[in-house]
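Chemist: Coordinates for the following, if possible.
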Amino acid sequence: MSTTSPPVPARIEQLDPYSCARNIIKGKRWTFLDANESPMSLITSQTSMDDINRYPDPTADELRKKIGDFYGVPMDQIIISNGCDELISLCVQAFVRPSYGVLSVEPTYGMYRVCAETYGASYKAVQMEEEFSLDIQKLRTRFERTDVLFLCTPNNPTGNILPQSVLELVIDEFSGLIVIDEAYGEFADEEGISSCIEYVKKEAKNVIVLRTFSKAFGAAGIRLGYGIADRQIIEQLLKVKMPYNVNMLTQNLGLALWEKRECMKANVRFLKEERQYLEKQFMDLGFTVSQSITNFFLLKSPDEIDSNELCRALKDSFGIVVRNFGDKPLLKNTLRITVGTRQENDRLLSAISSLV
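Modeler: Sure, this is the predicted structure:
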């Protein structure tokens, strides 16, 4: 029996993995306001398991057809995935050439970096300016030897959108694949902001738009996402995805949820109202609140309050879990707050009021 561990590639040995919310704190005794989940589920009944002995449709065509009909794009311009994380990984796997890399804007979703480094691609990032604006000239200087550009809009964790002028300039000038992550796109829809899916419909050949059932649809637990792009992009992604990447139960739940779009919109409106309620209460307490159109916002503590200590006290004394970003550039003493139910939100307000 061998007593020697197998060799590990240097890129994996040195990889700083994504800090998954439920890896850190598990169990049901907590009030989770850290992972941008919806506090409510739209699923009211179990789906049929009659065909569970069979493999699922490997391309989830029924769901592709539903989504395509809604957005007005052909089914072959859609890919269904095991959450958006799988699509982020597939984009790097399929489109980054040897000695080329990945580019993004920070602060943003951490999986862009992790997926790049997992596949041995270089990762570059342009830091946002004050108030989370983007210097397009700085971004342009990083285009060389870059095959995939990730842009999150509305952005996580800042909650703001990228201006249309920036998006159009990038689409015109960047020669690689532009991955526009609209995980919070339904919240932008509520504000009347056009989705970047419109660029795909106008035949942009270098854009894929990602969306998910995890946020507005309140179904983070089923792990279901989708991408919309030119059919040539979809063809390459289908080559590298696992054969049965989305299971039958998830596909059926996705179909059921798609029929609940009015319930989803009501959920978005509720979360918007609760976010505005929380924002006002925190500003009255002397905190700075970032402008957001999503189901979360950044909360900056007064200078005399350390966000690390506040985050720890909320967890240890009140069982409330929020996300601390205080060690990131531009985010000193900043917490990301996910909007919960009114009961959860009032519990958070009461706890923080007692701590400051």
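Chemist: Let's see the pLDDT reported for residue 4.
Modeler: With respect to pLDDT, residue 4 scores 70.
Chemist: My error: substitute residue 35 in the last question.
Modeler: What the model reports for residue 35 is a pLDDT of 83.
Chemist: Which of the three states applies to it?
Modeler: Assigned with DSSP: H, G, I helix; E, B strand; the rest coil, residue 35 falls in the coil class.
Chemist: any idea which helix is longest in this protein?
Modeler: helix 261-284 (DSSP state H).
Chemist: so after that helix, what's the next helix or strand?
Modeler: Later in the chain than helix 261-284, the nearest helix or strand by DSSP states H and E is strand 288-289.
Chemist: That following strand pairs with which strands?
Modeler: If you go by DSSP bridges, strand 288-289 pairs up with strand 296-300 (antiparallel).
Chemist: what's near enough to touch residue 11?
Modeler: For residue 11, the contacting residues are 117, 118, 120, by Cβ atoms under 8 Å, 6 or more residues apart in numbering. No exception for glycine: its C-beta is placed from N, CA and C like everyone else's.
Chemist: Just send those back as CSV, with neighbour count too.
Modeler: Converted to CSV, the contacts of residue 11 look like this (neighbours: other Cβ atoms under 10 Å):
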residue, neighbour count
117, 19
118, 18
120, 15
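Chemist: Who are the contact partners of residue 120?
Modeler: 9, 11.
Chemist: show me where the stretch 201-350 of the chain has helices.
Modeler: When assigned using DSSP state H, counting those that start in this stretch, the helices of the stretch 201-350 of the chain occupy the ranges 231-240, 248-258, 261-284, 307-318, 342-355.
Chemist: hmm, back to that, nearest to residue 133, of the contacts of residue 11?
Modeler: Closest approach between these and residue 133, by Cβ to Cβ: residue 117, at 27.1 Å.
Chemist: and that closest one, what does it touch?
Modeler: Going by Cβ under 8 Å, 6+ apart, residue 117 touches 11, 15, 16, 123.
Chemist: 10 Å - rerun?
Modeler: For residue 117, the contact set (Cβ atoms under 10 Å, 6 or more residues apart in numbering) comprises 11, 12, 14, 15, 16, 17, 92, 102, 123.
Chemist: what secondary structure does it sit in?
Modeler: Following three-state DSSP, residue 117 is assigned to helix.
Chemist: Compute the distance between it and residue 16, please.
Modeler: Residue 117 sits 8 Å away from residue 16, going by Cβ to Cβ, to the nearest Å.
Chemist: Quick one: mean pLDDT for stretch 130-140?
Modeler: In this model, stretch 130-140 has a mean pLDDT of 92.
Chemist: and stretch 82-102, C-alpha only, in PDB?
Modeler: What follows is stretch 82-102, C-alpha atoms only, in PDB (Å, rounded to 0.1, in the frame of the first residue of the first chain):
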ATOM      1  CA  ASN A  82     -25.500  23.800 -12.800                       C
ATOM      2  CA  GLY A  83     -25.700  27.300 -11.400                       C
ATOM      3  CA  CYS A  84     -23.800  30.200 -13.000                       C
ATOM      4  CA  ASP A  85     -20.600  28.900 -11.400                       C
ATOM      5  CA  GLU A  86     -20.500  26.100 -13.900                       C
ATOM      6  CA  LEU A  87     -20.900  28.500 -16.800                       C
ATOM      7  CA  ILE A  88     -18.100  30.700 -15.400                       C
ATOM      8  CA  SER A  89     -15.800  27.700 -15.300                       C
ATOM      9  CA  LEU A  90     -16.900  26.500 -18.800                       C
ATOM     10  CA  CYS A  91     -16.100  29.900 -20.300                       C
ATOM     11  CA  VAL A  92     -12.600  29.800 -19.000                       C
ATOM     12  CA  GLN A  93     -12.100  26.100 -20.000                       C
ATOM     13  CA  ALA A  94     -13.400  26.600 -23.500                       C
ATOM     14  CA  PHE A  95     -12.100  30.000 -24.500                       C
ATOM     15  CA  VAL A  96      -8.800  30.800 -22.700                       C
ATOM     16  CA  ARG A  97      -5.800  29.800 -24.900                       C
ATOM     17  CA  PRO A  98      -2.400  28.800 -23.400                       C
ATOM     18  CA  SER A  99      -0.400  31.900 -22.200                       C
ATOM     19  CA  TYR A 100      -3.600  34.000 -22.400                       C
ATOM     20  CA  GLY A 101      -5.600  35.100 -19.500                       C
ATOM     21  CA  VAL A 102      -8.800  36.400 -17.800                       C
END
